[in-house]
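K.L.:
Below is the sequence, then the predicted model.
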Amino acid sequence: MAKHQVDIEIIASSNQVSLYVIDDEGLEKLIQNSKSDTPLKFFEILDSLNYVEYHHICDGIDPTIDYSEMKFMIDGKSIDISDVLSISGFDDAELENIENCLVYDDENVTDLEGSIPQGKHAIVVSEWFKDGVLKASFETDSLIKPCDLRLEFVTLDGPSDFSECTYHLGTSGSVDYDLRSVLFDNNSYEFSFSCSNFKSREIYLIVGNKSEGFQISPLSEELF
């Protein structure tokens, strides 16, 4: 039986966010670097640290809010997508009548996870980009429609340390839902991200802990 190639492409502008966990020694190196007459760049300091953890937070693309272009392609034939809909509460008949839309279910939205170890510090890097591209591809045994798929999101508006350091402090811009993958026939296919048009970068030192609360350190501007 011949296979059918399915491709989904979404173009949008947003903030890609990363989080780094460092220890006291790493923080001291950043402080000393900021006082140097010939300071190293932030990422050069990271490369020199004995302890650093990298965590990808989001690519920041949420087509339920904003996008420049969105396409569903099957065997090379393109269908322009007009909207992304939540189908929570839809019955089967209503689903069959959805045309040229990608859909998601609230059950396919999960919380961002991640914790900051006691005594460690977080650094959040938020990079604004224009016209970034998310793409997902897979094969099927039969012809399908866009509404046969279920988009899968991670929400940054959750209770984890990583959410507290990003969404709740405003360091991730306006990003709430982050598109991660697409579900079809009980198989999940991840989106890949590409962009060559990053416009600006903001870096924040986050201090505090879960019990006392996290906050943006006033040292952020001085260090970065």
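P.N.:
The structure has been received and is ready for your questions.

K.L.:
Can you name the helix or strand that residue 175 falls in?
P.N.:
Using DSSP states H and E, residue 175 sits in no helix or strand.

K.L.:
Would you map the strands across this structure?
P.N.:
With DSSP state E, the ranges of strands along the chain come out as 4-22, 52-58, 69-74, 77-80, 83-86, 101-111, 121-140, 150-155, 177-184, 187-190, 192-194, 198-209, 213-216.

K.L.:
what sits up against the lowest-mean-pLDDT helix or strand in the chain?
P.N.:
One helix or strand of the chain scores below all others by mean pLDDT, DSSP states H and E: helix 92-96, with a mean of 80. For helix 92-96, the surrounding residues in contact (C-beta atoms under 8 Å, 6 or more residues apart in numbering) are 87, 103, 147. C-beta: built from backbone N, CA, C; applies to glycine.

K.L.:
quick one: which of those residues is nearest residue 61?
P.N.:
Taking C-beta to C-beta as the measure, residue 61 sits nearest to residue 103 out of the contacts of helix 92-96, at 16.5 Å.

K.L.:
give the contact list for the closest one.
P.N.:
Each residue near residue 103 by C-beta under 8 Å, 6+ apart is listed here: 84-87, 95, 146-147, 149-151.

K.L.:
one more time with 6 Å, if that's ok
P.N.:
85, 87, 147 (C-beta atoms under 6 Å, 6 or more residues apart in numbering).

K.L.:
For stretch 147-156, buried residues please.
P.N.:
Within stretch 147-156, the residues that qualify as buried by neighbour count (16 or more other C-beta atoms under 10 Å) are 147, 149-156.

K.L.:
how about the strands of the chain, which one is nearest residue 167?
P.N.:
Relative to residue 167, the nearest member of these by C-beta to C-beta is strand 150-155, separated by 8.3 Å.

K.L.:
That closest one: how far from the chain's middle?
P.N.:
With C-alpha atoms, centre = their mean, to the nearest Å as the basis, strand 150-155 stands 11 Å off its chain's centre.

K.L.:
which strands and helices sit next to that strand?
P.N.:
Packed against strand 150-155 by the contact rule (3 or more C-beta pairs under 6 Å, 6 or more residues apart in numbering; DSSP states H and E) you find strand 101-111, strand 177-184.

K.L.:
Could you check the angle the last one makes with strand 52-58?
P.N.:
I take that to be strand 177-184. Computed by axes from the mean of the first three to the mean of the last three C-alpha atoms, to 10 degrees, the angle separating strand 177-184 from strand 52-58 equals 70 degrees.

K.L.:
which regions of the protein sit below the pLDDT cut-off?
P.N.:
Scanning the chain for pLDDT under 70 picks out 1.

K.L.:
one more time with 80, if that's ok
P.N.:
Low-confidence segments of the chain, defined by pLDDT under 80: 1, 89, 92, 95-96.

K.L.:
For burial, what's the neighbour tally of the nearest residue to residue 64 once chain neighbours are set aside?
P.N.:
The shortest distance from residue 64 to any non-neighbouring residue, by C-beta to C-beta, 6 or more residues apart in numbering, is to residue 84 (4.7 Å). Residues lying near residue 84 (other C-beta atoms under 10 Å) number 20.
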